[in-house]
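*Asks:* model the following, please.
(one chain, ligands or ions: 1)
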Amino acid sequence: MLKTAARSSGRTASDIRSVRDDFPILQRQVRGKPLVYLDNAATSQKPSQVIETLSRYYRSQNANIHRGVYYLSERATADYEAARVRAQRFLNAAQPEEVVFVRGATEAINLVVGSYGRSVLRSGDEVLISAMEHHSNIVPWQILCEAVGARLRVAPIDRAGTLPVDEFERALSPRTKIVAVVHVSNSLGTINPVKQLVSLAKESGAVVLVDGAQAAPHMQVDVQQLGCDFYTVSGHKMYAPTGIGLLYGRGELLEAMPPYQGGGEMIRSVAFEKTTYAPPPAKFEAGTPHIAGALGLGAAIEYIEQIGWGFIHEREASLLEHALERLATVPGLRFVGSARERASVVSFVMDGIHAHDIGTIVDQEGVAIRTGHHCTQPVMDFFRVPATARASFAFYNTLDEVDVLVRALQEAREVFG
Ligand code: C6P
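*Replies:* The predicted model follows:
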């Protein structure tokens with residue numbers, strides 16, 4: 001359960017203290033300083049509600065699912081399937097069967113590539129992605145295209161780090177069988193107009209995957225309203241454990257798709273002559289899944305719903321605004337990405353200081369940010385930078401924490417001249 005202040009409507013400044021109390025790690029110190037955790041796009045911290053769900057499961061409920069006829073197994077199965085229903089409602093999928101538990105967004109994309117992609121893509125076909133994709137939404141398509149002789153096309157981005165819709169439309173052709181596009185860029189923060197992109201792609205006859213790894217923690221996703229065929233979610237970026245994520249797939253596509261992996265629990269019957277498969281989602285969940293992770297993801301969704309999107313949007317918008325304003329005062333700091341529609345992610349470089357040095361310097365003040373190419377090397381190449389420093393905020397961050405980062409950067413500026 002959430003603490004009282006976080007649950008109440010009309011929240012006040014004291015609510016943030018109460019919300020932060022839900023995240024035990026935020027109370028700790030690193031290097032003798034209070035932890036300032038600003039690497040939420042890499043992975044978010046976990047509230048007690050999620051940690052306790054995992055602990056309770058292993059302490060008193062642990063059993064394998066879909067196998068036993070005894071109490072614990074039936075209970076674990078019911079809880080696992082209840083988490084699926086919670087995820088279905090969270091994404092507004094039409095049926096729970098349209099939600100597959102996977103390890104994370106990377107596995108969700110690989111599942112679509114290996115199953116749907118491999119079964120439909122032929123020599124001469126095209127897959128369209130954007131120039132701001134995470135490597136997870138580039139490399140699997142590249143491997144498939146090379147294997148079948150298809151072409152990987154890339155819709156360009158502009159200097160603001162946005163995806164011009166007219167260029168995207170021009171890159172579509174009757175040969176485009178699949179479009180795979182990111183909802184929110186992890187290195188630029190750009191929120192893509194995915195509803196519009198999906199509609200254009202569908203008009204041209206393509207099936208569309210949306211990589212929602214960085215969107216689902218920050219905005220209410222409605223897969224039916226977006227009209228996409230596949231949508232991927234990374235659990236650990238939305239307050240759930242690592243090793244769990246979601247693939248939404250439109251029912252009729254999942255029905256028709258061949259299995260991704262073979263093994264236990266994904267079959268209807270097995271004989272040496274012929275094996276028949278279980279219907280989705282079981283067809284795509286071979287072997288023992290991450291049961292505790294699924295329960296933890298269910299708890300994380302419940303937590304987000306109790307916190308409320310209004311609170312999340314308000315907090316993250318003010319953190320972004322404050323960060324952009326304050327970071328702009330640091331001499332020699334340049335933002336990478338300036339989309340108008342953006343999530344609470346800020347990438348930047350500083351004259352004369354490598355991004356990795358920025359990360360090391362602010363770490364001395366207890367500040368955790370990510371530095372590097374963020375698994376988006378083509379984005380770095382486009383902006384002609386080897387790496388960026390990236391601060392990414394969650395609703396539990398505070399304006400004071402932004403100020404700690406800015407002060408640390410100002411000190412770095414003095415050291416490096
Ligand atoms: N981005 C970051 O620091 P997984 O971890 O497999 O659930 O998600 C992969 C992934 C896919 N798409 C996008 C847009 C992502 O941002 C990520 C993960 C982390 O930005 C780690 S590189």
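*Asks:* hmm, residue 230 is touching residue 254, no?
*Replies:* No. Under the criterion of CB atoms under 8 Å, residue 230 makes no contact with residue 254, lying 9.2 Å away. Every residue, glycine included, has its C-beta placed from N, CA and C.
*Asks:* out of everything not next to it in sequence, what's closest to the residue in the stretch 251-400 of the chain that the ligand sits nearest to?
*Replies:* Scanning the stretch 251-400 of the chain for the residue nearest the ligand gives residue 375, at 3.8 Å (criterion: CB to the nearest ligand atom). Residue nearest to residue 375 in three dimensions, not counting chain neighbours: residue 135, with 4.4 Å by CB to CB, 6 or more residues apart in numbering.
*Asks:* just give the number of residues close to that neighbour.
*Replies:* 15 (other CB atoms under 10 Å).
*Asks:* and it, its phi and psi?
*Replies:* Dihedral pair for residue 135: phi -50, psi -30, per degrees, to the nearest 10.
*Asks:* that one is in contact with residue 374, isn't it?
*Replies:* No. If you go by CB under 8 Å, residue 135 and residue 374 don't touch, sitting 9.3 Å apart.
*Asks:* name the helices or strands packed onto whichever helix or strand residue 127 is part of?
*Replies:* Using DSSP states H and E, residue 127 sits in strand 126-130. Helices and strands touching strand 126-130, by 3 or more CB pairs under 8 Å, 6 or more residues apart in numbering; DSSP states H and E, are helix 139-148, strand 151-155, helix 165-171, strand 176-182.
*Asks:* please repeat the previous calculation with a cut-off of 7 Å.
*Replies:* Under the contact definition 3 or more CB pairs under 7 Å, 6 or more residues apart in numbering; DSSP states H and E, strand 126-130 sits against helix 139-148, strand 151-155, strand 176-182.
*Asks:* show me where the stretch 251-400 of the chain dips below the pLDDT cut-off.
*Replies:* Applying pLDDT under 70 to the stretch 251-400 of the chain picks out no residues at all.
*Asks:* which bits of it sit near the ligand?
*Replies:* 370, 374-375 (CB under 6 Å from any ligand atom).
*Asks:* same thing with the stretch 1-150 of the chain?
*Replies:* Of all the residues in the stretch 1-150 of the chain, those lying near the ligand are 41-42, 104-106, 134, 136, going by CB under 6 Å from any ligand atom.
*Asks:* between those, which is closest to residue 264?
*Replies:* Nearest to residue 264, judged by CB to CB, of these is residue 104 at 21.5 Å.
*Asks:* tell me the contacts of that closest one?
*Replies:* Taking CB atoms under 7 Å, 6 or more residues apart in numbering, we find residue 104 in contact with 234-236, 245.
*Asks:* and if we set it to 8 Å?
*Replies:* 213, 234-236, 242-245 (CB atoms under 8 Å, 6 or more residues apart in numbering).
*Asks:* over to residue 374?
*Replies:* Residue 374 touches 41, 134, 186-187, 347, 388, 390, counting by CB under 8 Å, 6+ apart.
*Asks:* what about 10 Å?
*Replies:* 41-42, 134-135, 185-188, 345, 347, 380, 387-388, 390, 392 (CB atoms under 10 Å, 6 or more residues apart in numbering).
*Asks:* out of the residues you listed, which are inside strands?
*Replies:* Mapping those onto strands (DSSP state E) picks out 345, 347, 388, 390, 392.
*Asks:* identify the farthest-apart pair in these.
*Replies:* Pairwise over these, using CB to CB, the maximum falls at 388 and 392, 11.6 Å.
*Asks:* need the overlap of contacts for these two.
*Replies:* 187, 346-347, 369-370, 374.
*Asks:* show the buried residues in those.
*Replies:* Buried members of the shared contacts of residue 388 and residue 392, counted by 16 or more other CB atoms under 10 Å: 187, 346-347, 369-370, 374.
*Asks:* any idea how many residues pack against the residue of the stretch 251-400 of the chain closest to the ligand?
*Replies:* Neighbour tally, residue 375, other CB under 10 Å: 17.
*Asks:* quick one, what contacts it?
*Replies:* 42, 106, 133-139, 186-187.
*Asks:* in CSV: those residues, plus pLDDT.
*Replies:* Below are those laid out as CSV (pLDDT from 0 to 100):
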residue, pLDDT
42, 98
106, 98
133, 99
134, 98
135, 98
136, 98
137, 99
138, 99
139, 98
186, 98
187, 98
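*Asks:* only whichever of those are buried, select them in PyMOL.
*Replies:* To isolate the buried members of these in PyMOL, using 16+ other CB under 10 Å:
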select buried, resi 106+133+134+136+137+138+139+186+187
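*Asks:* nearest to residue 177, of the contacts of residue 375?
*Replies:* residue 137 (15.8 Å).
*Asks:* the closest residue to the closest one other than its chain neighbours: neighbour count?
*Replies:* What sits nearest to residue 137 in space, not counting adjacent residues and going by CB to CB, 6+ apart, is residue 211, at 4.8 Å. Neighbours of residue 211 under the rule other CB under 10 Å: 30.
*Asks:* for residue 211, phi and psi?
*Replies:* The phi/psi pair for residue 211 (degrees, to the nearest 10) is phi -90, psi 100.
*Asks:* look up how far the ligand lies from it.
*Replies:* Residue 211 sits 5 Å away from the ligand, taking CB to the nearest ligand atom, to the nearest Å as the criterion.
*Asks:* okay but that residue is in contact with residue 186, surely?
*Replies:* Yes. Residue 211 sits in contact with residue 186 when judged by CB atoms under 10 Å, with a separation of 9.3 Å.
*Asks:* residues shared between the contacts of these two?
*Replies:* Counting by CB under 10 Å, 6+ apart, the residues touching both residue 211 and residue 186 are 133-134, 136, 234.
*Asks:* now the chain against the ligand: closest residue?
*Replies:* Closest point on the chain to the ligand, by CB to the nearest ligand atom, is residue 104, at 2.7 Å.
*Asks:* now tabulate the ones in strands among the contacts of residue 374 in JSON lines and tack on distance to residue 226.
*Replies:* Output for the ones in strands among the contacts of residue 374, formatted as JSON lines (distance: CB to CB, whole Å):
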{"residue": "345", "distance to residue 226": "20"}
{"residue": "347", "distance to residue 226": "25"}
{"residue": "388", "distance to residue 226": "29"}
{"residue": "390", "distance to residue 226": "26"}
{"residue": "392", "distance to residue 226": "23"}
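*Asks:* now do the contacts for the most centrally placed residue in the chain.
*Replies:* For the chain, residue 213 is the residue whose C-alpha lies nearest the centre (CA atoms, centre = their mean; 1.6 Å). Contacts here follow CB under 10 Å, 6+ apart; on that basis residue 213 touches 41, 104-106, 108-109, 134, 136-137, 182-184, 186, 232-238, 245.
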